[in-house]
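Chemist: let me see the structure of the following:
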Amino acid sequence: MVKKVSIGLLLFLSIPFISLSQELNCTVDVVSPQVQDATAQALFQNMKNAIYQFMNTTKWTNDDFTSLEKIDCSIYINITSENSPSDFNATLQIQSRRPVYKSSLYSTMLNFQDNNIDLAYVLNQPLLFNINTYTDNITSLLAFYAYMIIGTDYDSYSQNGGTPYFLKA
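Modeler: From the prediction side, this is the model:
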């Protein structure tokens, strides 16, 4: 009986992980060579983790992706100055790539650097996104780039395939 309950509980707990089919496989890096405050460094680590979770767990499309189909992308945020304990100037570099058909090579799909962004982030702030509602600058910025990554990827498979995602961006 205990064995059946354990197996049932294991299957029940794994269902959310099986059904996850988010589109992005995003790595995130937040650096701050200009801001050396230890409290700020903890905040930046927390921001990095929040952005990673936001980009990789948000469902951006209605399509189902296997783990091998997820779009490889990276976000590199360089904090250039601190305006207040929760408001920062930064640069952001975003890249995405996809595998070349019948090859072990990858092709860069998007490579863009945004040199002047303003990030407001409070320690442990949840990053919540609703396409119909403005929540804050950081989620809007990340959602914009997520849709640009997805649109560019879909465009590489069919003519104007990414248009719905460019329109959402």
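Chemist: shaky segments in this protein?
Modeler: Filtered on pLDDT under 70, the chain yields the residue ranges 1-21.
Chemist: any idea which residue is closest to the centre of it?
Modeler: residue 55 (2.2 Å; Cα atoms, centre = their mean).
Chemist: can you tell me the closest non-neighbouring residue to that residue?
Modeler: Spatial nearest neighbour of residue 55, chain neighbours left out: residue 26 (4.0 Å); criterion: Cβ to Cβ, 6 or more residues apart in numbering. For the C-beta atoms, the positions are set from N, CA and C on the backbone; glycine is no exception.
Chemist: what do you get for residue 127?
Modeler: Residue 127 sits nearest to residue 54 (Cβ to Cβ, 6+ apart), 4.1 Å away.
Chemist: re the thing from before, who's in contact with the residue nearest to the centre of the chain?
Modeler: The contact partners of residue 55, taken as Cβ atoms under 8 Å, 6 or more residues apart in numbering, are 24, 26, 28, 73, 75, 142, 146.
Chemist: just grab the bridge partners of the first one for me.
Modeler: Spelled out, that is residue 24. residue 71 (DSSP bridges).
Chemist: surely residue 143 forms part of a helix?
Modeler: Yes - the assignment for residue 143 (DSSP: H, G, I helix; E, B strand; the rest coil) places it in a helix.
Chemist: strands of this protein, residue ranges please.
Modeler: For the chain, the strands defined by DSSP state E occupy 24-31, 71-84, 87-99, 106-120.
Chemist: what's the first one packed up against?
Modeler: Which is strand 24-31. helix 38-57, strand 71-84, helix 137-155 (3 or more Cβ pairs under 8 Å, 6 or more residues apart in numbering; DSSP states H and E).
Chemist: quick one: which of the ones you listed is nearest residue 121?
Modeler: Residue 121 lies closest, by Cβ to Cβ, to one member of these: helix 38-57, at 5.0 Å.
Chemist: distance from the chain centre to the closest one, please.
Modeler: Between the centre of helix 38-57 and the centre of its chain there are 11 Å (Cα atoms, centre = their mean, to the nearest Å).
Chemist: and that helix, what's buried?
Modeler: Within helix 38-57, the residues that count as buried by 16 or more other Cβ atoms under 10 Å are 40, 43, 44, 46, 47, 48, 50, 51, 52, 54, 55, 56.
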